[in-house]
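**Q** would you be able to build a 3D model of this:
(2 chains)
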Amino acid sequence: MNRVFLLIVFVFFAGISTQAQFSELLKKSEVHGSFEFDGAYYMPDNELGITDSLINGRNFAFNGFGNITYTLGNFSAGLRYEAYLPPLAGFDPRMEGQGFPYIWATYATEKFSFTVGNFYEQFGNGLTLRTYEEWTLGYDNSLNGARITYEPVKGLLMKGVYGVQRFFWSKYTKNSRGIVKGFDAELDFNQVFTGMQDAKIKLILGGSFVSKYQADQDPIYKLPRNVSNAAGRVTLGMGKFILTSEYAYKINDPSAINKLIYKEGQGLIVSLSYSTKGFGFFGMFKRYDNMSYRSDRGETANALDINFLPPNTETHTYMLTSMYPYATQPNGEIGFQFQINYKVPKKSKLGGKYGMGIAVNYSQVNDIVRNAVEVPGTDETAIEEPGTLGWSSPFFEFSDQVFWQDFNIEIDKKFSKKFKGTLTYMYQTYDIDILEGHEEGLPHVYSNIGVLELTYKFTSKKALRGEFQGLWTKQDKGDWAALLLEYTISPHWFFTVSDQWNYGNPVKDNRLHYYNGSFGYTRKTTRISITYGRQREGIVCVGGVCRAVPASSGFYVTISSSF
Amino acid sequence: MKAFKILSLIVALGMFFYACEKIEAPYKIGGGESERGSSGDTTKNVLIEDYTGHGCVNCPVAADFAHDLQGVYGERVVIIGVHAGYWATPGTFGPGFDTDFRSQTGNTWDTYFGVSNVGNPNGLVDRADDEGNYIVTPTNWGSQVDERLANDFLAKITIENDFNAGTKNLNTNIKTEFQINLTDDYSIIVCVTQDSIIAPQKDNRVGGDGVIEDYDHMHVLRGSMNGDWGENVTNGEDPVSGKTYEKNYSIKFEDDWVADDCWVVAFVYNEANKTLIQVDEEKVTK
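**A** Residues are numbered from 1 along each chain as shown, chains lettered A, B, ... in the order given. Have a look, this model is predicted:
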């Protein structure tokens, strides 16, 4: 790939014959970039069970990247350097290494664009294809190949992709993983048809087809080499209402994730939103049944996903509200979510001088119903048995097994020009066994969580923010309390101290404090922060994709910049 | 007309990209029973190490995968069931789960390769190293075995067992004959496995409490006869083609080791990357 990139650059510059031309070219060129370096120095911590032998001399860990993009007229090219030497604790050890895993070049005109090299792409909501990079998860499933987009008329966009996916640092070799090809088309009726340009009804239709090829080398099972996944989607806007929906159908795709069953996969998401001044409503329904779709049927870690299954759960960011995040269950889940946002008007009894915001959210995810199916060649029936159709499942039925429930209400209010606050209450049900993959018969975790966040501005530049949090549960590690104080001197400095205290742990010796102290300095687009303290063991999820984070103790440094 | 052309283009492109294969039952085309032979094979054999535990609900499926592969390839596939990690803990998973199938050697291997740390069931196929990762998920054992079997036959291992039922002492003679001259260092591990141990096993395929009370535990690693990492085959010299290197080992059987159900498994591996070049097995008693 490096050679290809150099060739492109060489051919490009070979045509520039004079210094004047070169100078002109430089004037028209634009170069942008961004960098981030996350370093850690791990230290032994007897209370957390971290010993010198566990660290094994690897006190330093480092994740870093640098992105450079060059643009000249219709042409653009870029590359990303990455280094994991070694990766930070909790990242896949296969990430260890350094190099340029992402190199690309694009030529785009008004109607066409051509990309070679690595690229990210998403069809619709991602049910058939979504390649993306998520730094906090150490996740990158970019495609390496070619992409063409074509927009013959304004409002009709077609895309075609062909390539293989990134798998840590492994170079693609024959049969090492599958080959992905896909096509997507989206038609915006209000743009294409002149008669609909001013219509009150907005309509967008889309469809995508994706297919993966992987050789069948299994001596026991007859495996499909070509597995396709197709989806249709609609967005319908009517005044203040917007309805979106996408349905995907995948043919038999026996894999390590579904334990080699030959069932078809189905995915459906429907969402409805309504928005007017001071009031908003959002509702969503989803159902996934055997929808894991990867370019290596044997892969079980966070890698080589071709598609993405959007979650229907709210993402929480406070220390304790994010303790039990939701992990999407591609083998089967059915759920819904509702959210209402209401702004209590200013100068009303409740709203006071500045008004008050109220947000209520409820989400629930259950297992799908699974009925036993015939085991071919026998009189027996079974659920999830390799070499069968896996299970049968009535489409709209919820199983009794609740994976997740989250009811939360958030009230934010400004009391004066200097003082504002947010109060959050959350009740959560969490199937720790399934969502964290323990399968140990652990009981569900039922927790009540309260957070009070207060911010006081001393001057226009100086502010103090405090978070006071509590989590109460009889399961897992018991009750927690957390405190965070952050002093900001805009626009350059911040100083933070925080502590999470597991005061209700059933094991007395584990009633630990996870304290942290950090400060940071920002100048223009460059930011540096240094933290000392403890990281508690837990799960980090982004969009329902999760990774485990082990407990650690030490110094952490982050430097980021962009230009 | 333009709209028709565009629509045709979309359909044509869609057809081009849309490829699929619908598989009809029966989906399983191989597997089943196979006789296990004796040592001295002159073909490249492959070792599947099935890291398992009696409390692991998905492990019986993995055991079936390994068994099916033996059904396809016969004695060219050798299996060791390594009970290690949390799911192999005795006294944790309810009444009857008090048998300790773990062994010191199994625990050492599990720690080194990090298998139970990743999760059970998982395994190793010939301890083949894929950029530092040895662990192979059970659904990939088939393709891995297929790939490993295509490797050259580099060493012949002949195992002769002499078991004294009175003293419960097993003496084993191992002869390794390299087929070509080699330059790396090679070690041999000789261990004992046992079949047909009837004890409870968790299995998510059965109803009720998900327990098979009389599960037939096969290929259970009992222990090593020459240490967790074995011994250098050639005592430090470069392996010479046609030369036979001989080793003798002995082990005293524990009370619950049933000699008639036991096998001696021997495998030769490259010390640099731990990857096997050959494995073979022989019953303890004829």
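**Q** mind listing the helices for chain B?
**A** Along chain B, the stretches classed as helices by DSSP state H are B:2-17, B:59-73, B:104-113, B:115-118, B:141-149.
**Q** got JSON lines for those, with distance to A:Ala359 and mean neighbour count too?
**A** From N, CA and C alone the C-beta is placed, and that goes for glycine too. Below are those laid out as JSON lines (distance: least, Cβ to Cβ, whole Å; neighbours: other Cβ atoms under 10 Å in any protein chain shown):
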{"stretch": "helix B:2-17", "distance to A:Ala359": "41", "mean neighbour count": "13"}
{"stretch": "helix B:59-73", "distance to A:Ala359": "45", "mean neighbour count": "22"}
{"stretch": "helix B:104-113", "distance to A:Ala359": "48", "mean neighbour count": "19"}
{"stretch": "helix B:115-118", "distance to A:Ala359": "40", "mean neighbour count": "20"}
{"stretch": "helix B:141-149", "distance to A:Ala359": "50", "mean neighbour count": "22"}
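**Q** just send those back as TSV, with mean pLDDT too.
**A** Compiled in TSV, these are given as follows (pLDDT from 0 to 100):
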stretch	mean pLDDT
helix B:2-17	63
helix B:59-73	92
helix B:104-113	95
helix B:115-118	84
helix B:141-149	91
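**Q** of those, which approaches B:Thr92 most closely?
**A** Each of these was scored for nearness to B:Thr92 using Cβ to Cβ, and the closest is helix B:115-118 (13.7 Å).
**Q** who does the closest one touch, helix- and strand-wise?
**A** Other helices and strands packing on helix B:115-118, by 3 or more Cβ pairs under 8 Å, 6 or more residues apart in numbering or on different chains; DSSP states H and E, are strand B:122-125.
**Q** does any bit of the strand it packs on sit next to chain A?
**A** No - counting by Cβ under 8 Å from any Cβ of the partner chain, chain A has no neighbours in strand B:122-125; the shortest distance is 8.9 Å.
**Q** only alpha carbons, please: show that strand as PDB.
**A** As requested, the backbone C-alpha atoms of strand B:122-125 are provided in PDB (Å, rounded to 0.1, in the frame of the first residue of the first chain):
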ATOM      1  CA  ASN B 122     -11.300 -22.000  22.900                       C
ATOM      2  CA  GLY B 123      -8.400 -24.000  21.800                       C
ATOM      3  CA  LEU B 124      -5.000 -24.400  20.100                       C
ATOM      4  CA  VAL B 125      -4.500 -26.200  16.800                       C
END
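**Q** and it, average pLDDT?
**A** Per-residue pLDDT values across strand B:122-125 average out to 95.
**Q** list the strands paired with it, with their directions.
**A** In the sheet containing strand B:122-125, its partner strands are strand B:46-52 (antiparallel), strand B:135-136 (antiparallel), by DSSP bridges.
**Q** tell me the mean pLDDT for the shortest one?
**A** Which is strand B:135-136. Taken as a whole, strand B:135-136 has a mean pLDDT of 90.
**Q** distance from the chain centre to that strand, please.
**A** On the basis of Cα atoms, centre = their mean, to the nearest Å, strand B:135-136 is displaced by 11 Å from the centre of the chain it belongs to.
**Q** repeat that for the first one.
**A** Computed by Cα atoms, centre = their mean, the chain-centroid distance of strand B:46-52 equals 2 Å.
**Q** what's the angle between that strand and helix B:59-73?
**A** Here strand B:46-52 runs at 170 degrees with respect to helix B:59-73, directions being taken by axes from the mean of the first three to the mean of the last three Cα atoms, to 10 degrees.
**Q** now the helices for the stretch 101-250 of chain A?
**A** Taking DSSP state H, counting those that start in this stretch, the helices of the stretch 101-250 of chain A run over residues A:189-192.
**Q** tell me where it has strands.
**A** Listed in chain order, the strands found in the stretch 101-250 of chain A under DSSP state E, counting those that start in this stretch are A:112-119, A:122-123, A:129-130, A:133-134, A:139-140, A:143-153, A:156-165, A:179-188, A:201-213, A:226-238, A:241-250.
**Q** what strands flank the fourth one, and is each parallel or antiparallel?
**A** Each strand pairing with strand A:133-134, determined using DSSP bridges, is listed with its direction: strand A:139-140 (antiparallel).
**Q** quick check: mean pLDDT of the partner strand?
**A** Over the span of strand A:139-140, the pLDDT mean works out to 96.
**Q** same thing with stretch A:249-257?
**A** On average, the pLDDT along stretch A:249-257 is 94.
**Q** for A:Ala372, phi and psi?
**A** The phi and psi values for A:Ala372, taken as degrees, to the nearest 10, are phi -70, psi 150.
**Q** do you know how far it is from chain B?
**A** 9 Å (Cβ to the nearest Cβ, to the nearest Å).
**Q** distance check, A:Glu380 against B:Glu254.
**A** Between A:Glu380 and B:Glu254 the computed distance is 37 Å (Cβ to Cβ, to the nearest Å).
**Q** quick revisit: for the helices of chain B, give me CSV that also has distance to A:Ser399.
**A** Shown next, in CSV, are the helices of chain B (distance: least, Cβ to Cβ, whole Å):
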stretch, distance to A:Ser399
helix B:2-17, 35
helix B:59-73, 21
helix B:104-113, 35
helix B:115-118, 28
helix B:141-149, 31
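**Q** A:Ala548: which of the ones you listed is closest?
**A** Taking Cβ to Cβ as the measure, the helices of chain B were each checked against A:Ala548, and helix B:115-118 came out nearest at 11.1 Å.
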